[in-house]
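Colleague: Here is a sequence together with a model predicted from it:
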Amino acid sequence: MEEIYEELNIYTSTEHIINEEDYIVKSIGAFGVWQTGVCLSAISARMLAMLNIFSMLFLIPSIDFKCIDPVLTENNSCHDDCELYSFDNEVFEQTVISEFGLICDDEWKGSFIQTILMFGLLCGVSLFGWISDRYGRRTALLICTYTNIALMLAAPFSPNYWSFVTLRFLIGIPSGGTLIVGIVYIMEIVGPKHREVVGTLALLPDGLTQASLSLFAYYTRNWRIYSLAYTALSVIPFVLVLFIPESPRWLISKGERDKAYAVMLEAAERNKLDTLNIRENIDKALSEMNYKNTSKKPCYLDLFGTKELAFKTFALAAIWTSAGACFLGINQYITFLGSNVFIAVALLGCIQIPICPIAIILNKMFGRRIIIVASLLTTGLTMIALLFTPQGHAACIIFSVIGFASATIIFCIIYIYTSELFPTSLRNMGYGMTSAGAKIGAMAAPFIASINPHWIPSSIFAVISFSSSFVCIFLPETKGVNLDT
């Protein structure tokens, strides 16, 4: 995937485009009807990953319990001599927590379900990054999509806790694949001037996915039925990914001139562009790629080759980790605050929809660093405000929504900022290494969110946010600055 990224010069800023011709975009257009259809299909596959990530909010929600053998009246208390616990089914008829008894000494197992899913995502990014390089973007996306759907259908029939955990890990692998392959595919077919907007808007359906899960959970109330219900949405990517062609850029990188020509011809015709020079442009693109492939190949150690690069790598990894922990942590934390969980989760989903275009506007107006610092500080301040807010109070939701919105803005911009801070030869590896921090943060998030009393998680999220904002201050601004080559 490295040579593809170098060919793409994959940063997404409109202020500074590297002065070299993109013969592929020249043939098929920067963005048109063809790219719109392909992007929608790739984004639909991403929806599967987000369903699996956000579904945990209703699979392992906070639920009251008490000992009934012997009968004790105190709720949510563990006793060494208790033989049997009863779970409150006023909100949920059956959850993973209540069915498998994940309380007291086994409480950690609930958070571990989300952690193992995120670990699967981390593995999937590497595995399917390699598969997409070796066998093509379309092939990787098809494998991810259909494997994901099959595993999602199997998970509700898990007979015990460990079989469910195993399936969640396996689900995470193709989910991670769809996230990386989908965004790479989109960046490969969209012109440089449109990558910033398209790359950000590709995150917009995430909010719709999360909000829809509230409806499924509200009308089912049983984790097995709920899992089958939201899996029904997979019919959308099941159909759409069949119509995704292979990436013309990948075909050219593999020397598949004729196949690349067929795809690019269709794209140009759909976009109503001249098709006369497509073969000539393919040959020019091949010539450029062959020239770049003769240059010295960088390695991951080069990310620490100078003090400046080492600081950028550590700082960006810290910001990614903070973003991942706060984004998923606040999502899960809000389910423990005693508010209406269905409204709270739906609200957090809906808030993501306007955040994407807002992030684009703020990015263009103020630049990367100042928006990320401001967003991290806002997240930290809202978490501090939660320390002084009674649990169950309406203000808890308000502060959580503001903090979550700020974390969402960070995600919208950090993709761009990361790719701009590294030189071209290290851009792909720098992005891969630092963005892994988001998965690590997400792995820790459920354990942090479930800590009692409730002021401890908000304190941890505040410290993480403030620390990352301090580090970010010392990173350079990239808006309007020429990129390193």
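Modeller: Right, received. Where do you want to start? Numbers count the residues shown, from 1 in each chain.
Colleague: Within the helices and strands, which one has residue 239?
Modeller: helix 235-240 (DSSP states H and E).
Colleague: among the helices and strands of the chain, which has the poorest mean pLDDT?
Modeller: Ranking every helix and strand in the chain by mean pLDDT, DSSP states H and E puts helix 2-8 at the bottom, with a mean of 41.
Colleague: what sits up against the helix or strand containing residue 98?
Modeller: Per DSSP H and E, residue 98 falls inside helix 96-100. With contact meaning Cβ atoms under 8 Å, 6 or more residues apart in numbering, helix 96-100 is reached by 59-61, 63, 65, 87, 89, 92, 102-103, 106, 109-110, 113, 160-161, 164, 223. For every residue, glycine as well, the C-beta is placed using N, CA and C.
Colleague: Tell me which stretches of the protein form strands.
Modeller: 65-69, 71-75, 84-87 (DSSP state E).
Colleague: Confidence-wise, which of those strands is weakest overall?
Modeller: Ranked by mean pLDDT, those bottom out at strand 71-75, with a mean of 65.
Colleague: Show the buried residues in the contacts of helix 96-100.
Modeller: 59-61, 63, 65, 87, 92, 102-103, 109-110, 113, 161, 164, 223 (16 or more other Cβ atoms under 10 Å).
Colleague: Could you list which of these belong to helices?
Modeller: 59, 109-110, 113, 161, 164, 223 (DSSP state H).
Colleague: Looking at the residues you listed, which two lie furthest apart in space?
Modeller: Maximum pairwise distance among these (Cβ to Cβ): 14.5 Å, between 109 and 223.
Colleague: Walk me through the domains of this structure.
Modeller: The chain is divided into the following domains under automatic domain parsing: 1-60+95-295, 300-485.
Colleague: TSV please, covering the ones you listed and showing distance to residue 83.
Modeller: Below are the domains of the chain laid out as TSV (distance: least, Cβ to Cβ, whole Å):
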stretch	distance to residue 83
domain 1-60+95-295	12
domain 300-485	24
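Colleague: between the ones you listed, which gets nearest to residue 75?
Modeller: Of those, nearest to residue 75 by Cβ to Cβ is domain 1-60+95-295, at 11.4 Å.
Colleague: what separates the closest one from the chain centre, distance-wise?
Modeller: Distance, stretch centre to chain centre, for domain 1-60+95-295: 10 Å (Cα atoms, centre = their mean, to the nearest Å).
Colleague: which residues touch stretch 253-271?
Modeller: So stretch 253-271 is in contact with 3-4, 7, 24, 27-29, 32-35, 37, 189, 245-246, 248, 251-252, 274-275, 278-279, 282-283, 286, 289, going by Cβ under 8 Å, 6+ apart.
Colleague: Next one: the residue nearest to residue 176 when sequence neighbours are not counted from residue 374, what distance?
Modeller: Nearest non-adjacent residue to residue 176, counting by Cβ to Cβ, 6 or more residues apart in numbering: residue 124, 2.6 Å away. According to Cβ to Cβ, to the nearest Å, residue 124 stands 32 Å off from residue 374.
Colleague: More neighbours: these two, which one.
Modeller: Neighbours per residue (other Cβ atoms under 10 Å) separate residue 124 from residue 374, with residue 124 holding more: 28 against 17.
Colleague: Please tell me I have it right and the more buried one contacts residue 170.
Modeller: No - applying Cβ atoms under 8 Å as the test, residue 124 and residue 170 come out as separate, 9.6 Å apart.
Colleague: Could you measure from the residue positioned nearest the centre of the chain over to residue 44?
Modeller: In the chain, the residue lying closest to the centroid (Cα atoms, centre = their mean) is residue 179, at 6.5 Å. Residue 179 is 13 Å from residue 44, where distance means Cβ to Cβ.
Colleague: joint contacts of these two?
Modeller: With Cβ under 8 Å, 6+ apart, residue 179 and residue 44 have no common neighbours.
Colleague: low-confidence ranges in the stretch 351-485 of the chain?
Modeller: 392, 424-425, 427-428, 479-485 (pLDDT under 70).
Colleague: ok, now with 90
Modeller: 351-368, 386-401, 403-404, 408, 411-458, 476-485 (pLDDT under 90).
Colleague: what are the ranges of the helices in it?
Modeller: Counting by DSSP state H, counting those that start in this stretch, the stretch 351-485 of the chain has helices at residues 368-387, 394-421, 427-449, 455-473.
Colleague: re the thing from before, can I get the ones in helices among the buried ones among the contacts of helix 96-100 in CSV including distance to residue 460 and pLDDT?
Modeller: Formatted as CSV, these follow (distance: Cβ to Cβ, whole Å; pLDDT from 0 to 100):
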residue, distance to residue 460, pLDDT
59, 23, 90
109, 21, 90
110, 18, 88
113, 20, 92
161, 27, 95
164, 27, 96
223, 28, 94
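Colleague: thinking again about what came up before, the residue nearest to the centre of the chain reaches residue 47, doesn't it?
Modeller: No - contact criterion Cβ under 8 Å: residue 179 and residue 47 do not qualify, at 10.8 Å.
Colleague: Is there a neighbour count for the closest residue to the residue nearest to the centre of the chain other than its chain neighbours? I'd like the number.
Modeller: Sequence neighbours aside, residue 49 is the residue nearest to residue 179 in space, at 5.2 Å (criterion: Cβ to Cβ, 6+ apart). When counting by other Cβ under 10 Å, one arrives at 26 neighbours for residue 49.
Colleague: Give the burial count for residue 247, as a bare number.
Modeller: Neighbour count for residue 247, taken as other Cβ under 10 Å: 26.
Colleague: Isn't it up against residue 190?
Modeller: No - judged on Cβ under 8 Å, residue 247 makes no contact with residue 190 at a distance of 11.4 Å.
Colleague: Which residue ranges of the stretch 151-300 of the chain form helices?
Modeller: 161-189, 192-201, 205-220, 223-231, 235-240, 248-253, 257-270, 278-293.
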